[in-house]
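[1] Quick check, what structure comes out for this input:
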Amino acid sequence: INSKLQFEIMPGALFGLFEINPDTGEVVTTTTLDREVQEVLTLRVGDENDHAPEIIVPRHDIEVLENQEPGLVYTVLASDMDAGNNGAVRYHITDGNTDEYFAINETSGELSITRALDREQVSNFTLVILCSDLGDPPRSSMVQLQVRVLDDNDHSPSFSRLHYQASVREDAQVGTVVLVLSAVDKDEGLNGQTEYSLVEEASGAFTIDPVAGTLRTSHILDREARAEHTFKAVARDCGVQGSRSTTVIIKIHVTDVNDNDPVWEQNPFDIFLSPQSPTNQMTAILRASDPDLGPNGTVIFSFAEPQSVFSINEYTGEIQLQQNPASEYFPIWLQLKVVDQGFPARTTTGLLVIHMEEEDVRISFSQHVYNGIVPENCEAGECQLFCTLSQFWQNA
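    Reported below is the predicted structural model:
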């Protein structure tokens with residue numbers, strides 16, 4: 001029914017001379033015509049605005065690269081079968097034009113971007129475009145244009161800070177996690193995929209997982225050899241055309257473990273006394289060191305067994321004579337201990353030898369060559385070889 005045409009002759013100068021079949025459109029005369037009165041009669045068929053503009057391409061999905069220069073990106077096409085103003089189409093954006101990024105030429109339908117798009121701000125647009133004719137009243141059609149903004153690699157990976165600090169015990173096992181780095185790249189796809197690496201880490205003490213950003217120890221550490229490691233980590237995206245990267249500084253502090261014994265500066269330690277040496281005065285100063293840190297490297301001196309001839313200051317190592325021993329007791333051998341304050345504490349023994357003044361002391365091994373057998377796979381500290389020292393005294 002909507003497509004059935006009806007014909008009629010509109011009132012005018014020729015009204016009454018002709019009639020038209022409303023169904024077939026056949027025109028016949030209704031009276032005798034006189035050529036001398038009017039030789040030519042013109043029948044004009046007038047248009048009625050009975051067609052709406054028709055979208056030529058009904059499905060519209062386009063892609064626009066972000067950061068693209070302003071200009072033409074697409075053309076919307078519609079046609080109208082009517083004539084004159086009834087068939088003249090005009091284009092307007094009625095919805096979805098966020099921040100006025102787009103403009104359309106109302107007569108040609110050419111769609112342009114007014115400025116560079118930013119995918120990280122708006123990644124998709126749904127533009128509603130009205131196509132209307134100039135009839136009275138006008139007829140119109142609407143089309144939705146889906147615009148996807150393609151990513152441009154315009155962001156570098158971003159860390160939460162520029163400097164990272166962490167600490168790890170010097171006895172940490174190989175593979176211990178020290179730090180987990182995380183960088184965010186706002187781009188998408190390969191442009192937003194990040195890989196990690198280390199630079200200026202010549203010691204080889206640390207390694208980083210290129211995907212997870214996990215920083216681990218790669219060999220046993222030794223604080224006494226190196227207490228601090230400073231190097232850089234790089235996060236780089238996987239952009240095919242011109243990857244982007246960011247670098248941060250990492251500082252790793254190696255914390256102390258009580259893994260060193262105190263070391264005597266001199267052992268055995270010899271003291272020479274005369275029968276008239278004054279008591280309650282400093283006779284000697286013992287010295288020992290421990291390369292560990294803090295309490296682990298703080299040493300305390302003592303005698304291995306209680307005795308009354310000498311006293312020792314446990315902090316300074318100063319030895320004082322408390323009473324003069326008789327000459328027949330010389331030489332006097334006293335075992336010493338130096339203990340650090342770590343937990344558990346580590347101890348080193350020493351020997352204090354007190355000689356009578358002007359006594360000639362000679363020390364020699366009991367033999368020139370010592371032979372021993374050590375089985376394979378022997379645990380540390382299990383196998384021993386004893387050497388014998390002989391000491392001779394001779395009064396000058």
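[2] could you give me the average pLDDT of stretch 104-121?
    On average, the pLDDT along stretch 104-121 is 94.
[3] and what of stretch 257-272?
    pLDDT averaged over stretch 257-272 gives 95.
[4] Sort out which residues of that stretch are buried, please.
    Val257, Asn258, Asn260, Pro262, Trp264, Pro268, Phe269, Ile271, Phe272 (16 or more other C-beta atoms under 10 Å). For glycine as for every other residue, the C-beta is placed from the backbone atoms N, C-alpha and C.
[5] And for it, what's in contact with it?
    169-171, 223-224, 283-284, 286-292, 296-297, 299, 319, 336, 338-340, 342-348, 350-359, 361 (C-beta atoms under 8 Å, 6 or more residues apart in numbering).
[6] What's the end-to-end length of that stretch?
    This stretch, stretch 257-272, spans 39 Å end to end (C-alpha to C-alpha, to the nearest Å).
[7] repeat for stretch 259-278
    Per C-alpha to C-alpha, stretch 259-278 runs 41 Å from first to last residue.
[8] Any idea how far it is from the middle of the chain?
    56 Å (C-alpha atoms, centre = their mean, to the nearest Å).
[9] Could you do stretch 96-115 as well?
    Per C-alpha atoms, centre = their mean, the centroid offset for stretch 96-115 relative to its chain is 39 Å.
[10] still on that earlier bit, just the buried ones from the contacts of stretch 257-272?
    Judged by 16+ other C-beta under 10 Å, buried ones among those: 170-171, 223-224, 283-284, 286, 288, 290-292, 296-297, 299, 319, 336, 338-340, 342, 346, 348, 350, 352-356.
[11] Now, the residues you listed that are in strands?
    With strands defined by DSSP state E, the entries of the buried ones among the contacts of stretch 257-272 inside them are 283-284, 288, 299, 319, 336, 338-340, 348, 350, 352-356.
[12] Could you report the distance from Thr245 to His92?
    Rather than Thr, residue 245 is Ser. 46 Å (C-beta to C-beta, to the nearest Å).
[13] how close does the nearest residue to Val27 once chain neighbours are set aside sit to Thr283?
    Leaving out its chain neighbours, the residue that sits closest to Val27 by C-beta to C-beta, 6 or more residues apart in numbering is Ile20, at 5.0 Å. Note on Ile20: its distance to Thr283, by C-beta to C-beta, is 145 Å.
[14] Then Glu100?
    95 Å.
[15] and stretch 9-29, how far apart are its ends?
    End to end - C-alpha to C-alpha - stretch 9-29 spans 12 Å.
[16] what's the offset of it from the middle of its chain?
    So, by C-alpha atoms, centre = their mean, the centroid of stretch 9-29 is 85 Å from its chain's centroid.
[17] the domain parsing of the chain - what is it?
    1-40, 54-150, 158-255, 263-361 (automatic domain parsing).
[18] Turn the ones you listed into a markdown table, columns for distance to Cys378.
    As requested, the domains of the chain are exported to a markdown table (distance: least, C-beta to C-beta, whole Å):
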| stretch | distance to Cys378 |
| --- | --- |
| domain 1-40 | 105 |
| domain 54-150 | 65 |
| domain 158-255 | 21 |
| domain 263-361 | 22 |
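[19] Any idea which of those has the lowest pLDDT on average?
    domain 1-40 (a mean of 68).
[20] for Ile9, helix, strand, or coil?
    coil (DSSP: H, G, I helix; E, B strand; the rest coil).
[21] for it, what are its contacts?
    Phe15, Phe18, Glu19, Ile20, Val27.
[22] Helices - which of the residues you listed land there?
    When the contacts of Ile9 are checked against helices using DSSP state H, none is located there.
[23] Kindly reformat those residues as a markdown table containing distance to Phe206 and neighbour count.
    Formatted as a markdown table, these follow (distance: C-beta to C-beta, whole Å; neighbours: other C-beta atoms under 10 Å):
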| residue | distance to Phe206 | neighbour count |
| --- | --- | --- |
| Phe15 | 101 | 10 |
| Phe18 | 101 | 15 |
| Glu19 | 102 | 14 |
| Ile20 | 97 | 15 |
| Val27 | 98 | 12 |
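[24] and the two most separated of those residues?
    Phe15 and Val27 (12.7 Å; C-beta to C-beta).
[25] show me what contacts the residue nearest to Gly317 when sequence neighbours are not counted?
    Excluding the flanking residues, the one nearest Gly317 by C-beta to C-beta, 6+ apart is Leu286, at 3.6 Å. Leu286 sits next to Trp264, Glu265, Phe269, Phe301, Ile312, Gly317, Glu318, Ile319, Leu336, Val338, Gly350, Leu352 when contact means C-beta under 8 Å, 6+ apart.
[26] and if you look at Gln276?
    Gln276 sits in contact with Asn324, where contact means C-beta under 8 Å, 6+ apart.
[27] Then Glu224?
    Glu170, Asn260, Pro291, Asp292.
[28] how close does it sit to Asp290?
    10 Å.
[29] same deal with Glu188?
    Relative to Asp290, and taking C-beta to C-beta, Glu188 is found at 57 Å.
[30] Check Met81 too.
    101 Å.
[31] Tell me what Asp270 is bridged to.
    Residues in a beta bridge with Asp270, per DSSP bridges, are Val353.
[32] any idea how far Val199 is from Leu235?
    In this structure residue 235 is Ala, not Leu. 12 Å.
[33] So if I had to pick from these two, which one is more boxed in?
    Higher neighbour count among Ala235 and Val199: Ala235, with 23 against 10, using other C-beta atoms under 10 Å.
[34] Report the secondary structure state of that one.
    strand.
[35] surely it meets Leu198?
    No - at 11.2 Å, Ala235 does not count as touching Leu198 under the criterion of C-beta atoms under 8 Å.
[36] any shared contact partners between the two?
    With C-beta under 8 Å, 6+ apart, Ala235 and Leu198 have no common neighbours.
[37] ok, the closest residue to Asn124 other than its chain neighbours to Gln281 distance?
    The shortest distance from Asn124 to any non-neighbouring residue, by C-beta to C-beta, 6+ apart, is to Arg148 (5.7 Å). Remark: distance between Arg148 and Gln281 (C-beta to C-beta) = 94 Å.
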